[in-house]
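Undergrad: Provided below for reference: sequence and predicted model.
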Amino acid sequence: MKNILPNNLHSIFIGIMLGDGHIYKSSPTSNSRFEMSFGKDRELFAFWIGDLFKDYSNTGITTVLNKKTTFLNIIFNFRFKTKTLPIFNYYHSIFYEANNDLWKYKKIVPHNILDLMDPVVLAYLIMTDGNFDKSRKRVRIYTNSYTKVEVEKLAEAINLKLKIYVGVLHDRKDQWILTIGATQLNLLREIVMPHFEPSMLYRIGLEK
């Protein structure tokens, strides 16, 4: 049996990794660690994540100076890091492909995303990479770092598993995002809202 996170943390972690999460390995044979950064406006969400995964970290949420900090305007962001542990190796194996020439890893949509998709995964993907477009009453998910084929695969998984129609929209250059339109909004909220951290409800057009 795979060494994976317990219970609901597994789906939460998949959603975070589809969004802004990152996993690092110092070598192909080393164990892995998870890291995520949060903007100053996402403090409550940062500490929510820190609490969920506190058993895997020595430091919890830490504050870091934002690069835009000036003498008159000091801005802090938030960061969470886990310990380097074997439990994150499985997630690294499905979210990264190795470039053996450069000894670098490229983040991908897992090939088994259809098996992984559930309401919790979608909720955390939206909380990390989502945005509500008030003018058109739609949710956009900024999947710009993935290829068009990967974004289409992700849209298909949401459609098939959750019965939510998701469009794939060209954003700029070779970048593609997901869109969930106004006709799907009530269904989307019904499915993901129970799994949202309250301060992030604005990303589906709701107030806490």
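TA: Looks like it arrived, so ask away.

Undergrad: In contact with the closest residue to residue 191 other than its chain neighbours, which residues?
TA: Distance criterion CB to CB, 6 or more residues apart in numbering; nearest residue to residue 191, sequence neighbours excluded, is residue 119 at 4.9 Å. Heads up, the C-betas are built off the backbone N, CA and C, glycines and all. In this structure, residue 119 makes contact with 162, 191, 192, 194, 195, judged by CB atoms under 8 Å, 6 or more residues apart in numbering.

Undergrad: Give the ChimeraX command for selecting the buried subset of these.
TA: What follows is the ChimeraX syntax selecting those of those that are buried according to 16 or more other CB atoms under 10 Å:
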select :162,191,192,195
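
Undergrad: Could you pick out which of the contacts of residue 119 are located in strands?
TA: With DSSP state E as the criterion, strands contain none of those.

Undergrad: got the contacts of residue 119 as JSON lines, with pLDDT and distance to residue 25 columns?
TA: What follows is these, written out as JSON lines (pLDDT from 0 to 100; distance: CB to CB, whole Å):
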{"residue": "162", "pLDDT": "98", "distance to residue 25": "31"}
{"residue": "191", "pLDDT": "98", "distance to residue 25": "34"}
{"residue": "192", "pLDDT": "98", "distance to residue 25": "31"}
{"residue": "194", "pLDDT": "96", "distance to residue 25": "34"}
{"residue": "195", "pLDDT": "97", "distance to residue 25": "29"}
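
Undergrad: Tell me the bridge partners for the nearest residue to residue 203 once chain neighbours are set aside.
TA: Residue nearest to residue 203 in three dimensions, not counting chain neighbours: residue 130, with 4.4 Å by CB to CB, 6+ apart. Each beta-bridge partner of residue 130 is listed here, defined by DSSP bridges: residue 141.

Undergrad: Isn't residue 130 up against residue 139?
TA: Yes: at 5.7 Å, residue 130 counts as touching residue 139 under the criterion of CB atoms under 8 Å.

Undergrad: Low-confidence regions, the chain specifically.
TA: The model of the chain has pLDDT under 70 over residues 1-2, 65-75, 100-103, 208.

Undergrad: Apply 80 and report the result again.
TA: 1-2, 64-76, 99-104, 208 (pLDDT under 80).

Undergrad: about what we covered before: gap between the residue nearest to residue 191 and residue 54?
TA: Residue 119 sits 24 Å away from residue 54, going by CB to CB, to the nearest Å.

Undergrad: Now do the same contact list for residue 150.
TA: 108, 109, 143.

Undergrad: I misspoke; the intended subject was residue 154.
TA: 18, 109, 113, 143, 146, 166, 178.

Undergrad: Of these, which is the nearest to residue 157?
TA: Ranked by distance to residue 157 (CB to CB), these are led by residue 113 at 4.7 Å.

Undergrad: Contacts only, for the closest residue to the closest one other than its chain neighbours.
TA: The shortest distance from residue 113 to any residue that is not its chain neighbour, by CB to CB, 6+ apart, is 4.7 Å, and that residue is residue 157. For residue 157, the contacting residues are 113, 114, 116, 117, by CB under 8 Å, 6+ apart.

Undergrad: Great, nothing more from me.
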